[in-house]
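**Q** structure here, sequence nowhere to be found:
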């Protein structure tokens, strides 16, 4: 049976939302919500936060979240995860597969991982819901082949869907990437060793580095949606979704994380 280690990269410096890993989401810092969500999966050998920030490292210590400190020069979460794998494997604590879940995904549902994870690289996708995500450049879209391989990742709303040029009357279906990645240690090291590529640089999306080097990225569809928190507005959206989930369960949650039973709001 394959073993899995979870890696949650968290970078304190963010041009769009500085300090966002520690932003408060209904009484808890975001990294705590991500860690608690991720550790609900029952197949982990271990789960680690990965950061170059002493501030985040200290908060992890306070919250009893295992944390591995990394260098500050990593370009993206996969490069950072590659260093974590190197640290773990040199210490004899590696695994068959490493699952990287972004530290800004407080709504990640671990049921997404109950899929075929046998390929050496797996990513996940689901349908875009609404015009906000369709045209939001922070939401990464993906085109998937019939054999469930990623063809291209973009911040643009692909495929192009102008009514004048379409050849069918079908409705528009746009797919977005879920920011969870399954890699073998070897493939992470290969990713880290590759030169940056033109489409990766243009889109600001790391997985295009693999596609441009003819390395397959297997995609798995999930019905479990998630949103990344890239801006304060995204944080507000995440809070509203969490509140709605509590209401559906017959409870309410306030801004300090206090939960109250309120059966009168429970949906049938």
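**A** Right, received. Where do you want to start? For clarity, every value in this text was computed on a predicted model and none was experimentally measured. Residues are numbered from 1 along each chain as shown.
**Q** can we go C-alpha only for contacts and neighbour counts from here?
**A** Will do.
**Q** could you list the buried residues of the helix or strand of the chain at the bottom of the mean pLDDT ranking?
**A** Ranked by mean pLDDT, DSSP states H and E, the helix or strand of the chain with the weakest confidence is helix 130-134, at a mean of 86. Neighbour counts over helix 130-134 (16 or more other C-alpha atoms under 10 Å) mark 133, 134 as buried.
**Q** chain center to it, what's the gap?
**A** Between the centre of helix 130-134 and the centre of its chain there are 18 Å (C-alpha atoms, centre = their mean, to the nearest Å).
**Q** same for that helix, what does it pack against?
**A** Helix 130-134 sits against no helix or strand, with contacts defined as 3 or more C-alpha pairs under 8 Å, 6 or more residues apart in numbering; DSSP states H and E.
**Q** now do 10 Å
**A** Using 3 or more C-alpha pairs under 10 Å, 6 or more residues apart in numbering; DSSP states H and E, the elements in contact with helix 130-134 are strand 175-183.
**Q** what lies in contact with the helix or strand just after the strand it packs on?
**A** Using DSSP states H and E, the helix or strand that follows strand 175-183 in sequence is helix 185-193. By C-alpha atoms under 10 Å, 6 or more residues apart in numbering, the residues outside helix 185-193 that reach it are 74-76, 78-86, 89, 94-98, 120-121, 182-184, 206-207, 209-210, 213, 215.
**Q** same thing but 6 Å
**A** Contacts with helix 185-193, where a contact means C-alpha atoms under 6 Å, 6 or more residues apart in numbering, come from 79, 82.
**Q** tell me if residue 56 really is in a helix.
**A** Yes. Judged by DSSP: H, G, I helix; E, B strand; the rest coil, residue 56 forms part of a helix.
**Q** ok, back up a step: following the least confident helix or strand of the chain, which helix or strand shows up next?
**A** strand 141-144.
**Q** for whichever helix or strand comes after that following strand, packing partners?
**A** Next along the chain after strand 141-144, taking DSSP H and E as the criterion, comes strand 150-154. Packing partners of strand 150-154 (3 or more C-alpha pairs under 6 Å, 6 or more residues apart in numbering; DSSP states H and E): strand 141-144.
**Q** what comes up buried for the strand it packs on?
**A** 141, 142, 143, 144.
**Q** with stretch 5-23 instead?
**A** 5-12, 17, 19-23.
**Q** how about CSV for those residues, with pLDDT, distance to residue 134 and secondary structure added?
**A** As requested, the buried residues of stretch 5-23 are exported to CSV (pLDDT from 0 to 100; distance: C-alpha to C-alpha, whole Å; DSSP: H, G, I helix; E, B strand; the rest coil):
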residue, pLDDT, distance to residue 134, secondary structure
5, 98, 32, strand
6, 98, 29, strand
7, 98, 28, strand
8, 98, 26, strand
9, 96, 26, strand
10, 94, 25, coil
11, 89, 26, coil
12, 89, 27, coil
17, 85, 21, coil
19, 90, 26, coil
20, 92, 23, helix
21, 93, 25, helix
22, 95, 27, helix
23, 95, 25, coil
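**Q** out of the residues you listed, what pair is the most spread apart?
**A** The most widely separated members of these are 5 and 17, with 27.9 Å between them, by C-alpha to C-alpha.
**Q** how close does residue 25 sit to residue 157?
**A** Distance of residue 25 to residue 157, computed by C-alpha to C-alpha, to the nearest Å: 29 Å.
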